[in-house]
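1. below are the sequence and a predicted model for it; my questions follow.
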Amino acid sequence: MLTAVHQLVWGPAGVGLLAAAGLWLTVQTGWFQLTHLRLWLSKTLGAILTGSPDLGREGEGSISPWQSLCTALGATIGTGSIVGVGAALISGGPGSIFWMWVMALFGMMTSYAENLLGLRYRQQRDGIWQGGPMYYLTAGLGARPGCRTLGRVLAGLFALLCILASFGIGNLSQANAIAASLETVFHLPPLLTGGVLAAATGLILWRGIRGVAAAAEKLVPLMAVFYLLGTLAVVVTHASALPAALGSIWKGAFGWQAAGGGVVGYGMAAAIQWGFMRGSFSSEAGLGSSAIASGSASTREPVQQGMWGIFQVFVSTFLVCTMTALAMLTSGLVDLHTGQMLTLSPAPDLAGEAFSTTFGSLGPVLIAGAVLLFAWSSMLGWSQYGAVCWEYLFGPSSVFAYRLAFLALIVAGANVEFSSAWALSDTFNGLMMLPNLAGLVGLSGEVAAETRAYLHRTKPAFPTKSPALRQSKHSAGRK
């Protein structure tokens, strides 16, 4: 039964639903991620490169936009960004990477919408701003005629699923990945790893959202730069194979025959399925989790917070996952003519094998370090997601109980392999899309109206040429 539900959630039905929602929001906003590429890049990457003072500005009861981004990215860029890409290449061939990009393109607008709504409908509780699907389902969707009860039920369902997912995919699986990696490379006992990890996490959780945000803003940039430089070194070392690697991605995406009769990849259907699945899983766009982080940001403009959602997908998929794939493809692990794997290594070991071709015996050590940083940042981000949802359901006075349970599960996850628990938590994670997408689609008119109003205000600097936004008949009053 668990397998059947998991396949339904992360199979063609669930992933197709995510893609359809992303396409709908893309059309509603006039293909904003493409028609206003210069705008969102200037407000995100441009702000980072120029050191905009707004990035680090904290407000009363809120964290800075930079801390909000790092918290969301930390939770998103987990071990799946390394292992998941390897699984896609093994099961879907190089062509799956192309369809991962397509899924991420639509996922950009799903992430945009949930970040925008997360800030727009946030509420202050105990002096701290909190947001997420729970709030825009109750105050947004629930404000529609006849939808009050529906909004509350969906909000409660999302919060419950998020708590369960935080214990599993945000804790057990990450702790086990760290312990297994450190035991393999450094022969560290899992019990020691679990204890140290729980103690370090507990010190951060003691400070609540500010502790998580402060740790994320230091940890996430470090791990991203560290890993991207490593993959870049692998690709540069095998630069002569880069054109063939890119060609295998393009040919494999459509099942085209290569010279000599070989087929790059395992067929178009497998490439699409695995590309879409890994694209949605790696970015978490549409699952609603990043909206929780955006709700605590000091950003005043919902559209600008939405643009950080686009940037989040850009980094997690177009940068991290793409560089992982290119490192594996150029380092000789895959026959670029046929798309067949040339190694018998399982997905978790592919990145280490690719790094070994450049760094020698140091390769697995570097990947172990990347797994540690990626997994721990995911744990910190998900601990905050679960705490906010717990507080929504049970009140602020009981959040300490959630955090104690979270810390206890770190030790358990490091020492015991919870295969069924992983699959179950993965399913809970996927099921979060159902209430969240109901809110996003139901409030898509507000997202389009908010976007249209922002573009009108910034018209002198960033003229809008999108007919879909100019002619949109959807309207919604600003909150």
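-> Now that the structure is in, tell me what you want to look at.
2. show me where the stretch 151-300 of the chain has strands.
-> In the stretch 151-300 of the chain, no segments count as strands under DSSP state E, counting those that start in this stretch.
3. what's the answer for the stretch 1-150 of the chain, then?
-> 123-125, 128-130.
4. could you dump those to TSV with mean pLDDT, mean neighbour count and distance to Val27?
-> From N, CA and C alone the C-beta is placed, and that goes for glycine too. As requested, the strands of the stretch 1-150 of the chain are exported to TSV (pLDDT from 0 to 100; neighbours: other CB atoms under 10 Å; distance: least, CB to CB, whole Å):
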stretch	mean pLDDT	mean neighbour count	distance to Val27
strand 123-125	85	13	30
strand 128-130	86	21	31
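5. okay if I get these as CSV plus distance to Gly430?
-> Output for the strands of the stretch 1-150 of the chain, formatted as CSV (distance: least, CB to CB, whole Å):
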stretch, distance to Gly430
strand 123-125, 27
strand 128-130, 24
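6. quick one: closest of those to Gly309.
-> For these, the distance to Gly309 is smallest for strand 128-130, at 17.0 Å, taking CB to CB.
7. against Leu437, how distant is the nearest residue to Gln174 once chain neighbours are set aside?
-> Spatial nearest neighbour of Gln174, excluding adjacent residues (CB to CB, 6 or more residues apart in numbering): Ala375 at 4.0 Å. Counting by CB to CB, to the nearest Å, the gap from Ala375 to Leu437 is 27 Å.
8. quick revisit: which one, of the strands of the stretch 1-150 of the chain, ends up nearest to Ser398?
-> strand 123-125 (13.2 Å).
9. what does that closest one rub up against?
-> Gly61, Trp129, Gln130, Gly131, Tyr135, Ala139, Glu391, Pro396 (CB atoms under 8 Å, 6 or more residues apart in numbering).
10. please spell out the PyMOL selection for the buried subset of the residues you listed.
-> Of the contacts of strand 123-125, the buried ones go into a single PyMOL selection, burial set by 16 or more other CB atoms under 10 Å:
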select buried, resi 129+130+131+135+139+391
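11. of the contacts of strand 123-125, which is the nearest to Ile178?
-> Using CB to CB, Glu391 comes nearest to Ile178 of the contacts of strand 123-125, at 27.0 Å.
12. assign the closest one to helix, strand or coil.
-> Taken by DSSP: H, G, I helix; E, B strand; the rest coil, the conformation at Glu391 corresponds to helix.
13. look up the closest residue to it, ignoring the ones flanking it.
-> Val399 (5.3 Å).
14. with Ser398 instead?
-> Per CB to CB, 6+ apart, closest to Ser398 is Trp390, 7.1 Å.
15. count of neighbours near Lys218?
-> Close neighbours of Lys218, defined as other CB atoms under 10 Å, add up to 11.
16. about what we covered before: now for the contacts of strand 123-125, which pair is the farthest apart?
-> Maximum distance among those (CB to CB): 18.7 Å, for Ala139 and Pro396.
17. just to revisit the earlier point, can you put the contacts of strand 123-125 in a markdown table and add distance to Trp274?
-> Compiled in a markdown table, these are given as follows (distance: CB to CB, whole Å):
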| residue | distance to Trp274 |
| --- | --- |
| Gly61 | 42 |
| Trp129 | 38 |
| Gln130 | 36 |
| Gly131 | 33 |
| Tyr135 | 34 |
| Ala139 | 38 |
| Glu391 | 37 |
| Pro396 | 42 |
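18. which member of the contacts of strand 123-125 is positioned nearest Leu336?
-> Looking across those and measuring by CB to CB, the closest to Leu336 is Gly131, at 45.0 Å.
19. apart from its chain neighbours, what residue comes closest to the closest one?
-> Sequence neighbours aside, Gly295 is the residue nearest to Gly131 in space, at 1.6 Å (criterion: CB to CB, 6+ apart).
20. what about the helices in the stretch 1-150 of the chain?
-> Applying DSSP state H, counting those that start in this stretch to the stretch 1-150 of the chain gives helices spanning 2-10, 12-28, 32-35, 37-43, 45-50, 65-76, 80-92, 95-120, 133-138, 148-167.
21. and the fifth one, how far from the chain's centre?
-> In terms of CA atoms, centre = their mean, to the nearest Å, the centre of helix 45-50 is set 21 Å apart from its chain centre.
22. list the buried residues in it.
-> Buried residues in helix 45-50 (16+ other CB under 10 Å): Ala47.
23. and for the third one?
-> Residues of helix 32-35 classed as buried: Phe32, Gln33, Thr35 (neighbour count, 16+ other CB under 10 Å).
24. determine how far the one helix or strand Ala453 maps to lies from the middle of the whole chain.
-> Following DSSP states H and E, one finds Ala453 within helix 444-457. Averaging C-alpha positions (CA atoms, centre = their mean) puts helix 444-457 24 Å from its chain's average.
25. surely the residue nearest to Gln174 is in contact with Ala177?
-> Yes: in this structure, Ala375 is within contact of Ala177 by CB atoms under 8 Å, at 5.0 Å.
26. got any residues that touch both of these two?
-> Applying CB under 8 Å, 6+ apart, one finds that Ala375 and Ala177 are jointly contacted by Thr79.
27. residue contacts, the residue lying closest to Asn176 once chain neighbours are set aside?
-> Distances taken as CB to CB, 6+ apart put Gly413 closest to Asn176, at 4.9 Å, once the chain neighbours are dropped. For Gly413, the contact set (CB under 8 Å, 6+ apart) comprises Asn171, Leu172, Ser173, Gln174, Ala175, Asn176, Ala179, Gly194.
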